[in-house]
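Asker: Coordinates for the following, if possible.
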Amino acid sequence: MHGPSFAPDHAAPDAFDPNTLYRARDFLRANGAFPESQYSMDLLLKLGGMMSELDFHRSRTQELLSENAHLRQDNANLRAYLDSNLATGKPAAPGGDTSQIPRPSSDTAGKSWDRIVMDLI
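Answerer: Numbers count the residues shown, from 1 in each chain. Now for the predicted structure:
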């Protein structure tokens, strides 16, 4: 099964990368309404940082969409498996009939949490 992948290796790109600054400058050239002489380094750094962050979030969104699709498929497969076993009368649990498993009493009044846990074990 696919677990969440919130790992530190998903860091946003460095805004000080020269390629990011070139992208910001090119973006302003194509979409800016003021002369290139007004492209301060601060503006290019901020815009480059925002563009890098946007790229990062787009990439992360794609990863999450892919993970979601895999989980939905796993869920559909599991449901189909369980539905087919229930229709044929086979037990859904891998070990067989679960009705024979002894269940602890649900009377927890006046018991401490460690006593409840010990009763379950």
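Asker: Tell me where the protein is predicted with low confidence.
Answerer: 1-16, 89-111, 114, 121 (pLDDT under 70).
Asker: longest single helix anywhere in it?
Answerer: helix 41-88 (DSSP state H).
Asker: Could you pull up phi and psi at residue 33?
Answerer: Main-chain torsions, residue 33, degrees, to the nearest 10: phi -110, psi 30.
Asker: before we move on, what about residue 39?
Answerer: Residue torsions, per degrees, to the nearest 10, at residue 39 are phi -80, psi 90.
Asker: That one and residue 52: what is the separation?
Answerer: 17 Å (C-beta to C-beta, to the nearest Å). Using the backbone N, CA and C atoms, a C-beta is placed for each residue, glycine as well.
Asker: more crowded one of those two?
Answerer: Neighbours per residue, other C-beta atoms under 10 Å: of residue 39 and residue 52, the larger number sits with residue 52, 20 against 17.
Asker: That one touches residue 24, doesn't it?
Answerer: No - assessed by C-beta atoms under 8 Å, residue 52 is found out of contact with residue 24, at 9.2 Å.
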